[in-house]
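J.: just need the structure, nothing else, for what follows:
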Amino acid sequence: MPDYSILDAALQAANIKYKTDEPMRLHTTFKIGGPADRFIQIENIAALQQVLRALKASGVPYLLLGNGSNMLVPDEGLRGAVLTLEGELKQIARTEDGKILCGSGATLAALCNFARSHVLTGLEFAWGIPGEVGGALYMNAGAYGGEMKQVVSRVFYVDEDGRTGVYAGEALAFGYRKSVFMGTKKVITKAEFVLQPGVETEITATMDDLMQRRKEKQPVELPSAGSVFKRPEGHFAGALIEQCGLKGYRIGGACVSEKHAGFIVNVDHAACADVEALIGYIQDEVLRKFGVELEPEVRCVRL
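T.: Residues are numbered from 1 along each chain as shown. Next up, the predicted model:
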């Protein structure tokens, strides 16, 4: 059984900030989710090591939050600890050899802006992707022909025992929406990015163009978790869903976007159960009509 007294004592002794019964709807892009037993704010790698050791000693399960995008949290909340990376773990810097070293708690927007300010090209595809760098690395996020694997050379992490490590090159095992970190308890702390010198006006023009395309084609004005399904081989999930006539189809407060059928949006205080039911209905309809099995990209989180 988890022993929160052990965890709380360790956090207090290390002067690490945390909250109890923190509503997760305040921390997810879907604006859905009940309270987490503990919400722990981690400022640096040393604190992360202490927290992970305390979690192991106490038996309390945990989740690394990131920006709260690409995930769905149950209405009953999470019986465990949610970790969020702050402070030093959000810092971005240029190395002596011209690479970028970025904390995993930094947003992709901050990283893209940093690259542009240093006139480095290669990250434009990530402009407008919601989320933090750690989450993007975890799932090898991508858009408009680009993926994280194209610009990352090394990724640093801390394991559940508080030990540090690094993966580089092929050891990162990047694939379509996956990496070596999936299925492990390793927490990404920072990454090294290798970009190329560019032209600032061209970088800005590309970023502006991609952002405009997102605004025109995606329901950025409503709470969502991004694209709901992975791209099935030989198809586009949004097109299949639209061809099933499901644009605007609604269960409770969850609705298939009228703008892009690959998105589910929270239109009226949707419950987690509404979204899960809608995902299941979409999968059934696409399988029935086209014989294609849609695999969710959005993670339904339960500790």
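J.: center of the chain, which residue is that?
T.: In the chain, the C-alpha nearest the mean C-alpha coordinate belongs to residue 135, at 3.8 Å (Cα atoms, centre = their mean).
J.: now for that residue: which residues touch it?
T.: 66, 67, 69, 70, 141 (Cβ atoms under 8 Å, 6 or more residues apart in numbering). For the C-beta atoms, the positions are set from N, CA and C on the backbone; glycine is no exception.
J.: which residues does residue 299 form beta bridges with?
T.: Beta-bridge pairing of residue 299 under DSSP bridges involves residue 71.
J.: is it true that it touches residue 72?
T.: Yes: contact status for residue 299 versus residue 72: in contact at 7.0 Å, counting by Cβ atoms under 8 Å.
J.: higher neighbour count, these two?
T.: residue 72 (23 against 15; other Cβ atoms under 10 Å).
J.: how about the helices of the stretch 201-303 of the chain, start to end?
T.: Under the criterion DSSP state H, counting those that start in this stretch, helices of the stretch 201-303 of the chain are mapped to 237-243, 272-290.
J.: tell me the helix or strand right after whichever strand or helix holds residue 20.
T.: Applying DSSP states H and E as the criterion places residue 20 in strand 18-23. Once strand 18-23 ends, the next helix or strand along the chain (criterion: DSSP H and E) is strand 35-42.
J.: who does that next one pair with, and is each partner parallel or antiparallel?
T.: strand 18-23 (antiparallel), strand 78-85 (parallel).
J.: mean pLDDT, mean neighbour count and distance to residue 204 for the ones you listed - can I get that in TSV?
T.: Output for those, formatted as TSV (pLDDT from 0 to 100; neighbours: other Cβ atoms under 10 Å; distance: least, Cβ to Cβ, whole Å):
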stretch	mean pLDDT	mean neighbour count	distance to residue 204
strand 18-23	98	15	38
strand 78-85	97	23	28
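J.: out of these, nearest to residue 285?
T.: strand 78-85 (30.3 Å; Cβ to Cβ).
J.: contact partners of that closest one?
T.: 2, 7, 22, 24, 27, 33-42, 48, 51, 55, 60-66, 103-105, 132, 134, 187, 189, 301-303.
J.: mind checking which of these are buried?
T.: Burial by neighbour count, judged by 16 or more other Cβ atoms under 10 Å, picks out 2, 7, 22, 24, 27, 33-42, 48, 51, 55, 60, 62-66, 103-105, 132, 134, 187, 189, 301, 303 from these.
J.: and of the helices of the stretch 201-303 of the chain, who's closest to residue 206?
T.: Comparing the helices of the stretch 201-303 of the chain under Cβ to Cβ, the one sitting nearest is helix 237-243, at 23.0 Å.
J.: now do that closest one: which elements does it pack against?
T.: helix 272-290 (3 or more Cβ pairs under 8 Å, 6 or more residues apart in numbering; DSSP states H and E).
J.: what's in contact with the helix it packs on?
T.: In contact with helix 272-290 (Cβ under 8 Å, 6+ apart) are residues 30, 32-33, 72-75, 228-229, 235, 237, 240-241, 243-244, 246, 249-256, 264, 266, 292-294, 296, 298, 300.
J.: show me which residues of it are buried.
T.: So for helix 272-290, counting by 16+ other Cβ under 10 Å, buried means 272, 274, 275, 276, 278, 279, 282, 283, 285, 286.
J.: the last one and residue 279, how far apart?
T.: Counting by Cβ to Cβ, to the nearest Å, the gap between residue 286 and residue 279 amounts to 11 Å.
J.: give me the number of neighbouring residues for residue 268.
T.: A count of nearby residues for residue 268, using other Cβ under 10 Å, gives 11.
J.: show me the contacts for it.
T.: 252, 253.
J.: cutoff 6 Å now
T.: Counting by Cβ atoms under 6 Å, 6 or more residues apart in numbering, residue 268 makes contact with residue 253.
J.: where does it land on pLDDT?
T.: Per-residue confidence (pLDDT) for residue 268: 96.
J.: quick check: it vs residue 67, distance?
T.: Residue 268 sits 23 Å away from residue 67, taking Cβ to Cβ as the criterion.
J.: many thanks, have a good one.
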